[in-house]
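Novice: sequence? don't have it. structure:
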């Protein structure tokens, strides 16, 4: 996965978590569900916090422990990468439709 | 000392009142039992169990309310998480039976969730335990993870999983007791939403609690009395009957403006601790928000930015729909340390750099909050309240800082307004001299006022009998504050625990208070106590 990632062109985007309790279970599920609708590999990470993680895994997203107000970095690689990043950034920006 | 009325176990009351019923001990999921067949067969069984679990959870989601649905959606999503399931498949390929492979993977994840240093994540570990148990039941052919206690039973378990909780018919259940658990867990949230009697963290050994024994569960006190004596049972029965009657009356009063027996209007405001409360509350039950605690924004040492704070203040003002909203500036220190913000190593933090003292010592943090509050001020009737004020000079400094931030915002063309700035009256010196403060309103913080006036630390249970809120010295200080407010033409309210305690409402009204801010759950009982107050003039 890592080696593959190096060769790919990642498209990146940023958004800030609005929900006061942070990225908890419900938003995590919404984010991964949306991510799974894209063919591209999609990864996220919370600002300055370690490794990129699979945005299609609710378990991994939950374990990010991304708090409220934390900038979330999203990147995707694949044919629908641009659309994926745009859609996920929009989801976070509109506070997961809440 | 042996209690004559049966053995009493102590825990933490989460929700609900007093219940009499028989103990039903919920046994743990059995250890893993399968013997390995072949990797293909174990994998097939696993997938079959996952499919069955998904169907069970989907059926539960369909039959439950929205809150329950949110909780179960996460479990459902985990069963569709390839990364999450991958280690189970690997363990099976290496010769581990499906049930053990599943249990091992889940135990690993549960440990990670619990040790992650995040309350939100730790609370989710119960979902994983839930999912673990459900799959194990399916893999071992023991059917659904269902518990079927007799009607009116008091369920006792190590840890009750959210789906076990949801699987119970709470209209026929007595209550539940968990040896583990926390008041912030999913099950606690669900229990509160249903008004189910729940006690968590019971200090007891599961083996020491006899299955089928009669018991009294007192969720208000956080106690479980096993095999109670006749006198204790009779007393519990009387309390249940009285509580039923009171509940019916207060439910009737909850959406109506509070009036005393003589028809005087009393404003009942609510205290808000965190944004999650807003979803479950209708603003119609109150006359506004009398105290918003902003400490949650700083949880774990996180320092919220101006926009983040503004987002919450905006949400609160929108929720209140035109009713006044009082937001208290950060009240850290004392018993509320915040890493990186409060000062460590104070010998006596309750008498230390806390409340406004801390805000003035950390102006860079205070300014951000004042800016966010000034910006929120143009969205609705917002009032800013500063805690732990001792002298008029401190309040004047805070006001000066807010004026400076407002001037800077205006210069930058950012919309803002000058919200009224009031003070909490919790230091005896401030109560005695209330009139000498340039405050736009006063709000009495009775908890600290009691601790400082009676010299009884709030966290010292040994002093609880001495720390009597109705001590004449406390009532005298409240009366003085009310009188100062009258002379200034400024509103005086009280937002401490006294305002949430029905037995204290009469004395507070007698002291001249006509604005009280209480815990949302206490609105009904408080309005009932107001309606029974016979003193004061006609309305």
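Specialist: Now that the structure is in, tell me what you want to look at. Fair warning: this is a prediction, and the values are worked out from it, not measured in the lab.
Novice: if you skip the residues just before and after it, what's nearest to the residue nearest to the spatial centre of chain A?
Specialist: Centroid check for chain A by C-alpha atoms, centre = their mean gives residue A:44 as the closest residue, at 3.9 Å. Distances taken as C-beta to C-beta, 6 or more residues apart in numbering or on different chains place residue A:55 nearest to residue A:44, at 4.6 Å, with adjacent residues excluded. Every C-beta, even on glycine, is put in place using the N, C-alpha and C of the backbone.
Novice: run a quick neighbour tally on residue 34.
Specialist: Using chain A here. Residues contacting residue A:34 under the criterion other C-beta atoms under 10 Å in any protein chain shown number 18.
Novice: can you look at chain B instead?
Specialist: Counted with other C-beta under 10 Å, residue B:34 comes out at 18.
Novice: from what I can see it touches residue B:101, true?
Specialist: No: using C-beta atoms under 8 Å as the test, residue B:34 is too far from residue B:101 to be in contact (9.5 Å).
Novice: show the subsequent helix or strand relative to the helix or strand bottoming out on mean pLDDT in chain A.
Specialist: Scoring the helices and strands of chain A by mean pLDDT, DSSP states H and E places helix A:2-7 at the bottom, with a mean of 48. For helix A:2-7, the following helix or strand on the C-terminal side (DSSP states H and E) is strand A:11-16.
Novice: for that following strand, which helices and strands make contact with it?
Specialist: Applying 3 or more C-beta pairs under 8 Å, 6 or more residues apart in numbering or on different chains; DSSP states H and E, one finds that strand A:11-16 contacts strand A:71-77, helix A:81-93.
Novice: tell me which of the ones you listed is the most buried.
Specialist: strand A:71-77 (a mean of 21; mean count of other C-beta atoms under 10 Å in any protein chain shown).
Novice: listing partners with orientation, what would you give for that one?
Specialist: In the sheet, strand A:71-77 lines up against strand A:11-16 (antiparallel), strand A:41-46 (antiparallel) (DSSP bridges).
Novice: okay, these, which one's buried deepest?
Specialist: When the strands paired with strand A:71-77 are compared using mean count of other C-beta under 10 Å, strand A:41-46 is most buried, at a mean of 22.
Novice: now the element after that strand, going C-ward?
Specialist: strand A:53-54.
Novice: stretch B:448-458: end-to-end distance?
Specialist: Using C-alpha to C-alpha, to the nearest Å, one end of stretch B:448-458 lies 8 Å from the other.
Novice: ok, and what's touching that stretch?
Specialist: Stretch B:448-458 is touched from outside by B:334-335, B:350, B:388, B:425-428, B:431, B:447, B:463, B:466-469, B:471, B:473-474, B:477-478, B:496, with contacts defined as C-beta atoms under 8 Å, 6 or more residues apart in numbering or on different chains.
Novice: from the residues you listed, which ones fall inside helices?
Specialist: If you go by DSSP state H, these have B:428, B:431, B:447, B:473, B:474, B:477, B:478 in helices.
Novice: so where's the stretch 101-250 of chain B uncertain?
Specialist: Counting by pLDDT under 70, the stretch 101-250 of chain B contains low-confidence residues at B:142-148, B:183-186, B:193.
Novice: how many neighbouring residues does the closest residue to chain A within it have?
Specialist: Closest approach of the stretch 101-250 of chain B to chain A (C-beta to the nearest C-beta) occurs at residue B:118, with a separation of 4.5 Å. Neighbour count of residue B:118, defined by other C-beta under 10 Å: 21.
Novice: you'd agree it is up against residue A:65?
Specialist: Yes: in this structure residue B:118 lies within contact range of residue A:65 using C-beta under 8 Å: 4.5 Å.
Novice: dump the residue contacts of residue 36.
Specialist: Let's take chain A. Contacts of residue A:36 (C-beta under 8 Å, 6+ apart): residue A:56.
Novice: my bad, chain B
Specialist: B:42, B:95, B:96, B:97.
Novice: most surrounded residue in those residues?
Specialist: For those, the largest number of neighbours (other C-beta under 10 Å) sits with residue B:42, at 26 neighbours.
Novice: can you confirm that one is in a helix?
Specialist: Yes: using DSSP: H, G, I helix; E, B strand; the rest coil, the secondary structure at residue B:42 is a helix.
Novice: ok so, going back, min pLDDT across the ones in helices among the contacts of stretch B:448-458, which one?
Specialist: The member of the ones in helices among the contacts of stretch B:448-458 with the lowest pLDDT is residue B:447, at 90.
Novice: what sits against that one?
Specialist: Residue B:447 sits next to B:426, B:458, B:496, B:497 when contact means C-beta under 8 Å, 6+ apart.
Novice: and residue B:526, by the same measure?
Specialist: By C-beta under 8 Å, 6+ apart, the contact list for residue B:526 reads B:258, B:268, B:499, B:500, B:502, B:505, B:516, B:518.
Novice: looking at it, residue B:445 is touching residue B:425, isn't it?
Specialist: Yes: if you go by C-beta under 8 Å, residue B:445 and residue B:425 touch, sitting 6.7 Å apart.
Novice: neighbour count: those two, which is higher?
Specialist: residue B:425 (31 against 27).
Novice: what pLDDT does that one get?
Specialist: Note on residue B:425: pLDDT of 98.
Novice: these two touch, right, it and residue B:435?
Specialist: No: the pair residue B:425 / residue B:435 is not scored as a contact, 11.3 Å apart, by C-beta under 8 Å.
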